[in-house]
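> starting from these lines, generate the structure:
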Amino acid sequence: MTAVPPADCTRRAVIAGAAAAACATMPAARALATPLPTRRPPLAERRFVSRAVEAQIMRVAARIGDPQLAWLFANCYPNTLDTTVEIGTVDGRDDTFVITGDIPCMWLRDSAAQVHGYLPLARRDPALRRLLRGLIGRHARCILIDPYANAFTRSATDATPLSWAKDDLTTMTPGVAERKWELDSLCHVVRLAHGYWRATRDGTPFDAQWGEAARRIVATFRAEQRKDGGSPYRFQRAAESATDTLILDGHGAPTRKVGLIHSMFRPSDDACVYPFLVPANLFAVAALRWLAELAHEVRGDAALAMQALALADEVNAALRRHALIGEGDAAIWAYEIDGYGNALFMDDANAPSLSSLALLGCVERDDATFRRTEARCWSADNPYFFTGRAGEGIGGPHVGLGMIWPMSLIVRAMSSDDDAVIRRCLQVLKTSHAGTGFMHEAFAASDPTRFTRPWFAWANALFGEMILDLAARRPGVLA
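Next up, the predicted model:
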């Protein structure tokens, strides 16, 4: 088993033994009469245990006909709880810190996505509710430290421990681990908060501090429309990869200010070619509407709700005017645009992507423009669509050509109603883990034993969420 050195091997250093060693046979495996050993840490070494999650594993694994697929689910679904969470209190409030896996800092996007699959269980598990409340509160405090940062340290007084970020030319403050402005980071925060409230109707985490953070989100989105031509954000890094820094003295490529929100980096942490990242703007429209619902129904803040809805409508109208390639029944979404008429078509496996728009709630599943766009993404028209002996899937520039991200296959399976498509995705995923029992960041299309990041909790969490989705929506593909 070998790992492919990624473009930034300091950032992506493989951590030896990352959550892959365990020796006991899991109960779910015994129930399925399979000798596959669990890859979970021993019970005493797990960071957090949820009775509801353990019951869910047993219930769903027993319905999966393929023992290896059941084994992968039982390893991946609880991986975030087993290995990445730390629970405590701050100023009398619940607090939860969630690392990405092999990087000991908390990304807003990753942490929100890592726990999203546990939301349906929160109503009946008080300990899980506490964990989720703590993360919602932690997100709010992070946004109040710096709404432009994508990653944060455990303590609000710490300097970044990330070697690649220490000399970045940007406004680094204590508590910030990395300061790449990624529009989707704040959208994922809102998605989790809204999903928690819808699942539990628990208004506890939506206190005055959360309200202040929500106002900061809307204000930051407004500022990053850059209607006056300026922005307080600047970022440069001395790096070998051009995708790790911004051109034009750290301000990024020029744009015509058309009402869209600038995102200088993608959810892959790679710099945008054109700063209007279309899937992130579509995600922002959805997030602003969710935020408006929370502001109105939970906070009783009619002014904030109106501001969020007005901005959502403005961005949505700008997307319809400027972000479509082609017209009428042939129109598809661009990936990035600059407002001058220039457009980039591609897709990147990280969500939000064009392929993930339905999954994230940005469009309806049967939306014709989305389905046309998705089909183009999963074709040779996308320069980051790769095929090989191991299968086919979407990657991105982050770890190089020919590298498929399991996340892309998971997103496609969750977005599809075609059992044949879903089964193909499951087959590739099942054979891509290279004996580790976990999902990876990426694997070589020609050889799945060549992969990056053996401990990537977001991919594991999304795999578990996919199995739950299929068990409820298309149970026949798992039987």
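> correct me, but P41 touches T83?
Yes. With contact defined as Cβ atoms under 8 Å, P41 counts as touching T83 (6.7 Å). The way it works is simple: take the backbone N, C-alpha and C, and place the C-beta from them, glycine included.
> who has more neighbours, the two?
Set P41 next to T83 and count neighbours by other Cβ atoms under 10 Å: T83 wins out with 20 against 17.
> how near is that one to R109?
18 Å (Cβ to Cβ, to the nearest Å).
> with W181 instead?
Distance, W181 to R109, by Cβ to Cβ: 12 Å.
> what touches both of those two?
N150 (Cβ atoms under 8 Å, 6 or more residues apart in numbering).
> my guess is R289 contacts L309. True?
Yes. Between R289 and L309 a contact is recorded at 6.7 Å, counting by Cβ under 8 Å.
> sec struct for I103, please.
coil (DSSP: H, G, I helix; E, B strand; the rest coil).
> confirm for me that it is in contact with T160.
No. Counting by Cβ under 8 Å, I103 stays clear of T160, with 11.4 Å between them.
> okay, T10: pLDDT?
Per-residue confidence (pLDDT) for T10: 32.
> list the contacts for G88?
Contacts of G88 by Cβ under 8 Å, 6+ apart are D95, T96, F97, G134.
> neighbour count and pLDDT added to these, as CSV?
CSV is the format used below for the contacts of G88 (neighbours: other Cβ atoms under 10 Å; pLDDT from 0 to 100):
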residue, neighbour count, pLDDT
D95, 19, 98
T96, 22, 98
F97, 22, 98
G134, 23, 98
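> which one among these gets closest to S415?
Nearest to S415 among these is T96, at 29.0 Å by Cβ to Cβ.
> would you check which pair of the contacts of G88 lies furthest apart?
So, the contacts of G88 by Cβ to Cβ: farthest apart are F97 and G134, at 8.3 Å.
> stretch 445-456 - what's its average pLDDT?
For stretch 445-456, mean pLDDT is 96.
> same deal with stretch 389-408?
The pLDDT scores in stretch 389-408 average 97.
> just the CA atoms of that stretch, as PDB, please.
The C-alpha coordinates for stretch 389-408 follow below in PDB (Å, rounded to 0.1, in the frame of the first residue of the first chain):
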ATOM      1  CA  ARG A 389      -8.500   0.500 -14.600                       C
ATOM      2  CA  ALA A 390      -9.900   1.300 -11.100                       C
ATOM      3  CA  GLY A 391     -13.000   3.000 -12.500                       C
ATOM      4  CA  GLU A 392     -14.200   6.500 -13.400                       C
ATOM      5  CA  GLY A 393     -14.800   9.600 -11.400                       C
ATOM      6  CA  ILE A 394     -14.000  13.300 -10.900                       C
ATOM      7  CA  GLY A 395     -10.900  14.700  -9.300                       C
ATOM      8  CA  GLY A 396      -9.500  18.200  -9.400                       C
ATOM      9  CA  PRO A 397      -6.200  20.100  -9.600                       C
ATOM     10  CA  HIS A 398      -5.400  19.700  -5.900                       C
ATOM     11  CA  VAL A 399      -3.600  16.400  -6.100                       C
ATOM     12  CA  GLY A 400      -3.000  16.200  -9.800                       C
ATOM     13  CA  LEU A 401      -4.300  14.600 -12.900                       C
ATOM     14  CA  GLY A 402      -5.500  11.000 -13.000                       C
ATOM     15  CA  MET A 403      -6.600  11.100  -9.400                       C
ATOM     16  CA  ILE A 404     -10.200  10.200  -8.600                       C
ATOM     17  CA  TRP A 405     -11.800  11.500  -5.400                       C
ATOM     18  CA  PRO A 406     -14.200   9.000  -3.700                       C
ATOM     19  CA  MET A 407     -16.300  12.000  -2.700                       C
ATOM     20  CA  SER A 408     -17.300  12.500  -6.400                       C
END
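> buried ones in it, by neighbour count?
390-399, 402-408 (16 or more other Cβ atoms under 10 Å).
> the stretch 251-400 of the chain: strands as residue ranges?
For the stretch 251-400 of the chain, strands defined by DSSP state E, counting those that start in this stretch occupy the ranges 276-277, 324-325, 332-333, 336-337, 343-344, 385-388, 391-394.
> in CSV: those strands, plus distance to E374.
Listed next are the strands of the stretch 251-400 of the chain as CSV, based on distance: least, Cβ to Cβ, whole Å:
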stretch, distance to E374
strand 276-277, 17
strand 324-325, 14
strand 332-333, 9
strand 336-337, 17
strand 343-344, 17
strand 385-388, 11
strand 391-394, 10
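> need the winner for burial among the ones you listed.
Ranked by mean neighbour count, the strands of the stretch 251-400 of the chain are led by strand 276-277 with a mean of 30 (mean count of other Cβ atoms under 10 Å).
> thank you, goodbye.
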